[in-house]
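Student: Turn this into a model:
(one chain, ligands or ions: 1)
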Amino acid sequence: AKTPVTLLGLGAMGAALGRAWLAAGHPLTVWNRTAARAEALAAEGATVAATAAEAVAANRLVVVCLLDDASVEQALADAELTGKDVVNLVTGTPAQARSRAAWAAERGARYLDGGIMAVPPMIGVPAAGPYVFYSGSAALFDEHRTTLAAPADTRYVGEDAGHAALHDVALLSAMYGMFAGLTHAFALIRDETVAPTDLAPLITDWLTTMTAAVPDTARRLESGDYTTGVVSNLAMQAAGRHTLLGTAQEQGVSPELLTPLFHLMQRRLATGSPDEDLTGLVDLLRQGDR
Ligand code: NDP
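Tutor: A predicted model of the protein is given here:
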């Protein structure tokens, strides 16, 4: 028999997770603050609990997919968590995850924190490549690994409950860098005769090629040598700011997404590192303004 699951939260993500467990044959008990949102899943076979505490009481495995950390605190305030396996899929900071883990331990529950690397339409669709980072109780993860894998692949990243959030936010941060770049790129060609749909595949191919920078940066960070095999050195890239910022100005585009990176390059150059690539900026960020 498939492990029964309790699921708290039937927003866009929670509902998608619930559907995936039902489709995989897991008995499912659900609760949502706004009861009407549970009707669709009830029609598909889920049992609807009247309160969060009642939903928690129904099963050992309790998955939480509410809006934020504060809503978890509120929803579970009067639930009995002793002996429960709590899996928290709410996106939060590493510190929030660690304190939520301590909170669960005080209440007698095992705890696993998760970071969902997918949007709702990808859930339950293995070909779309959805996965969830998990960290915290290894025993909980090992016991429920198969059940957790029904909606999306699983990637366990260690006992530190904060590490799922840390991986999640690291990947999101890299993504926002990409969003910043393509926002600026489209702004440059806006009002020109270049069609955005013509530029799009060129940007996609270019970004795909340039992902070689990811493993390069990792290797340099691990070797501590930021200079060997550099093809585009820092001095050349920093000088290129005149072209990039000049083009922005010519096109009437604000440089605000680009200037922070060029500021960092100039600061690194000021310490005399012209032969490196951009890897040294990582250390500069760690040092902040000190
Ligand atoms: P939604 O806004 O669609 O749903 C939010 C859910 O939280 C609803 O069930 C809502 O209940 C509930 N809720 C909010 N505040 C409270 C509260 N104080 N007490 C009880 N319940 C509350 O969000 P999603 O489903 O999209 O996201 C849920 C989590 O999943 C978030 O942490 C999000 O970061 C994460 N996530 C979402 C992704 C996405 O693309 N959607 C991607 C990756 C992670 P009610 O119906 O009553 O309002």
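Student: which residues sit against the helix or strand hosting residue 55?
Tutor: In this structure, residue 55 sits in helix 52-58 according to DSSP states H and E. The set of residues external to helix 52-58 that reach it, using C-beta atoms under 8 Å, 6 or more residues apart in numbering, is 4, 6-8, 29-31, 47, 49, 62, 75-76, 78-81, 84. For glycine as for every other residue, the C-beta is placed from the backbone atoms N, C-alpha and C.
Student: check those against the ligand, which are close?
Tutor: residue 75 (C-beta under 6 Å from any ligand atom).
Student: Tell me which entries of the contacts of helix 52-58 lie within strands.
Tutor: Counted as lying in strands by DSSP state E, out of the contacts of helix 52-58, are 6, 7, 8, 29, 30, 31, 47, 62.
Student: Just the buried ones among these, please.
Tutor: For these, a burial check counting by 16 or more other C-beta atoms under 10 Å picks out 6, 7, 8, 29, 30, 31, 47, 62.
Student: any idea how far residue 237 is from the fourth one?
Tutor: Using C-beta to C-beta, to the nearest Å, one obtains 55 Å as the distance from residue 29 to residue 237.
Student: repeat for residue 147
Tutor: In this structure, residue 147 and residue 237 are separated by 48 Å, where distance is defined by C-beta to C-beta.
Student: Comparing those two, which residue is more hemmed in?
Tutor: residue 147 (20 against 17; other C-beta atoms under 10 Å).
Student: Spell out which residues of the stretch 101-250 of the chain are next to the ligand.
Tutor: Looking at the ligand, the residues of the stretch 101-250 of the chain close enough under C-beta under 6 Å from any ligand atom are 116, 119, 120.
Student: Adjacent strands (with direction) for the helix or strand harbouring the first one?
Tutor: Put plainly, it is residue 116. Of the helices and strands defined by DSSP H and E, residue 116 is found in strand 110-117. Paired with strand 110-117 in the same sheet, following DSSP bridges, are strand 85-88 (parallel), strand 131-136 (antiparallel).
Student: orientation of the helix or strand that the first one is followed by relative to strand 131-136 in degrees?
Tutor: Scanning the chain past strand 85-88 towards its C-terminal end, the next helix or strand to appear is helix 94-106 (assignment: DSSP H and E). Here helix 94-106 runs at 60 degrees with respect to strand 131-136, directions being taken by axes from the mean of the first three to the mean of the last three C-alpha atoms, to 10 degrees.
Student: Can I get helix 94-106 in PDB? Just the C-alpha atoms.
Tutor: Written as PDB, here are the backbone C-alpha positions of helix 94-106 (Å, rounded to 0.1, in the frame of the first residue of the first chain):
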ATOM      1  CA  PRO A  94      18.300  29.000   5.400                       C
ATOM      2  CA  ALA A  95      17.900  30.600   8.900                       C
ATOM      3  CA  GLN A  96      14.200  30.200   8.700                       C
ATOM      4  CA  ALA A  97      14.600  26.600   7.800                       C
ATOM      5  CA  ARG A  98      17.000  26.000  10.700                       C
ATOM      6  CA  SER A  99      14.700  27.600  13.200                       C
ATOM      7  CA  ARG A 100      11.700  25.700  11.800                       C
ATOM      8  CA  ALA A 101      13.700  22.500  12.300                       C
ATOM      9  CA  ALA A 102      14.500  23.400  15.900                       C
ATOM     10  CA  TRP A 103      10.800  24.200  16.400                       C
ATOM     11  CA  ALA A 104       9.700  20.800  15.000                       C
ATOM     12  CA  ALA A 105      12.300  19.000  17.200                       C
ATOM     13  CA  GLU A 106      11.000  20.700  20.300                       C
END
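Student: distance between it and the chain's centre?
Tutor: For helix 94-106, the gap between its own C-alpha mean and the chain's C-alpha mean amounts to 19 Å (C-alpha atoms, centre = their mean, to the nearest Å).
Student: Which elements pack onto it?
Tutor: Helices and strands touching helix 94-106, by 3 or more C-beta pairs under 8 Å, 6 or more residues apart in numbering; DSSP states H and E, are helix 69-75, strand 85-88, strand 110-117, strand 131-136, helix 163-189.
Student: In the stretch 151-290 of the chain, which residue sits nearest the ligand?
Tutor: Here the residue of the stretch 151-290 of the chain nearest the ligand is residue 168; by C-beta to the nearest ligand atom that distance is 8.1 Å.
Student: for the residue nearest to that residue when sequence neighbours are not counted, what are its contacts?
Tutor: Nearest-residue entry for residue 168: residue 115, 2.8 Å, with adjacent residues in sequence omitted and distances by C-beta to C-beta, 6 or more residues apart in numbering. Under the criterion of C-beta under 8 Å, 6+ apart, the contact partners of residue 115 comprise 89, 91, 132, 133, 164, 165, 167, 168, 169.
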